[in-house]
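Peer 1: need a 3D model of the sequence below.
(one chain, ligands or ions: 1)
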Amino acid sequence: MDDLKSLEADLMGRIDAAADERALEDIRVAALGKKGTISERMKTLGKMTPDERKEAGPILNSLRDRVATAISAQKAILEHAAMEARLAAEAVDVTLPVASLPRGRIHPVSQVFAEVEAIFAEMGFSTREGPDIEDDFHNFTALNFPVGHPAREMHDTFFFDEKDDGSRMVLRTHTSPVQIRTMMNEKPPIRIIAPGRTFRCDSDQTHTPMFHQVEGLVIDRDTHMGHLKGTLEAFVKAFFEIDELTTRFRPHFFPFTEPSAEMDVGYERDGGTIKIGTGEKWMEILGCGMVHPNVIRNCGLDPDEYQGFAFGMGIDRLAMLKYGIPDLRDFFAADSRWLQHYGF
Ligand code: DAH
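Peer 2: Down below sits the predicted model:
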């Protein structure tokens, strides 16, 4: 019995000390393998008298089990350690030191898009997008521009070559076609904004052939002009981070809204900078109105059941006003010094 005790103590000590899986496997073979020390002892059971075997059998069996358990426990520990070591050895540092690299900046237009989206999201608006290349139906006809109507010419449209059927695709002249796409594909209540690129053949200090707009559209059963006014005033206050705001809604004409208005906000000059909010002067910042019944009908909705408002504004100009950027053309000149100065 004593020699079994010392055999066990010796094996347990060596199992504990095994430094890797190979060493552990050697110990297993030496103890539990065909010719192992414990296996050899198990073989002696056959030569014992039944009484001797009854006593020695359970002792040897449980010794074998304890040793086997200790070996698997140690194996699990060693496997885990080996995996940790491999992970540490194979780790790749994917970071780069940034101090020595030129830092990227967020363009003011991207910044303002993000700000506008966040403000409207809080008011329950979600964002929709439409294609830059539109057909005549979505850009004009469905928006109640009659064929041959001079309003079409007002847009200085970029047309593509005529197709075989005589139709011409256009670079969208405004984000309003997204109103059509949304009303044709979704059921009211609708509450969306549609930011994006727009194109007109025009270029001077305040116009570039490509520019940016955000469209807004709300369609429900009882939406009225009070909602339009409240929404836009809340937006302007949040965007310019002001508490006091005077506004003026001037009657205007857009084919797709009736009545239509332009929204002016009060402002004053403070030295060289423009302060939006209150003041003697008025600045026009967006177009808006109640969606024309024809437009609602063109989208397959019943204008006796649904009504709502829409608005559209130039994002580039909002960025110029908020961040004091004097010339629109610089927005698209890709001058890294400009971006370094005005970027975020
Ligand atoms: N689409 C107009 C433009 O580009 C802007 C506009 C005015 C959009 C009134 C609207 C609106 O949705 O209701 O000049």
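Peer 1: make it CA atoms for all contacts and neighbour counts henceforth
Peer 2: OK.
Peer 1: can you report how many residues lie near residue 135?
Peer 2: By other Cα atoms under 10 Å, the residues close to residue 135 number 19.
Peer 1: that one - nearest residue in space that isn't next to it in sequence?
Peer 2: Computed as Cα to Cα, 6 or more residues apart in numbering, the closest residue to residue 135 that is not its neighbour in sequence is residue 169, at 4.7 Å.
Peer 1: which ones are touching that neighbour?
Peer 2: Contact analysis of residue 169 by Cα atoms under 8 Å, 6 or more residues apart in numbering lists 133-136, 159-162.
Peer 1: again with residue 24
Peer 2: Shown in contact with residue 24 (Cα under 8 Å, 6+ apart): 15, 18, 71, 74-75.
Peer 1: any chance of the residues you listed in JSON lines, plus distance to residue 326 and neighbour count?
Peer 2: Converted to JSON lines, these look like this (distance: Cα to Cα, whole Å; neighbours: other Cα atoms under 10 Å):
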{"residue": "15", "distance to residue 326": "78", "neighbour count": "23"}
{"residue": "18", "distance to residue 326": "75", "neighbour count": "19"}
{"residue": "71", "distance to residue 326": "77", "neighbour count": "23"}
{"residue": "74", "distance to residue 326": "73", "neighbour count": "20"}
{"residue": "75", "distance to residue 326": "72", "neighbour count": "19"}
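Peer 1: among the residues you listed, name the ones in helices.
Peer 2: 15, 71, 74-75 (DSSP state H).
Peer 1: what is the nearest of those residues to the ligand?
Peer 2: Nearest to the ligand among the ones in helices among the contacts of residue 24, counting by Cα to the nearest ligand atom, is residue 75 at 70.7 Å.
Peer 1: hang on, isn't that closest one packed against residue 23?
Peer 2: No - taking contacts as Cα atoms under 8 Å, residue 75 lies outside contact range of residue 23: 10.3 Å.
Peer 1: host element of residue 261?
Peer 2: If you go by DSSP states H and E, residue 261 is part of strand 257-270.
Peer 1: and the next helix or strand past that strand?
Peer 2: Once the chain leaves strand 257-270, the next helix or strand it forms, by DSSP H and E, is strand 273-277.
Peer 1: run through the stretch 1-150 of the chain and note the low-pLDDT ranges.
Peer 2: For the stretch 1-150 of the chain, the stretches with pLDDT under 70 are 1.
Peer 1: give me phi/psi at the residue nearest to residue 135?
Peer 2: Dihedral pair for residue 169: phi -80, psi 160, per degrees, to the nearest 10.
Peer 1: perfect, I'm done here.
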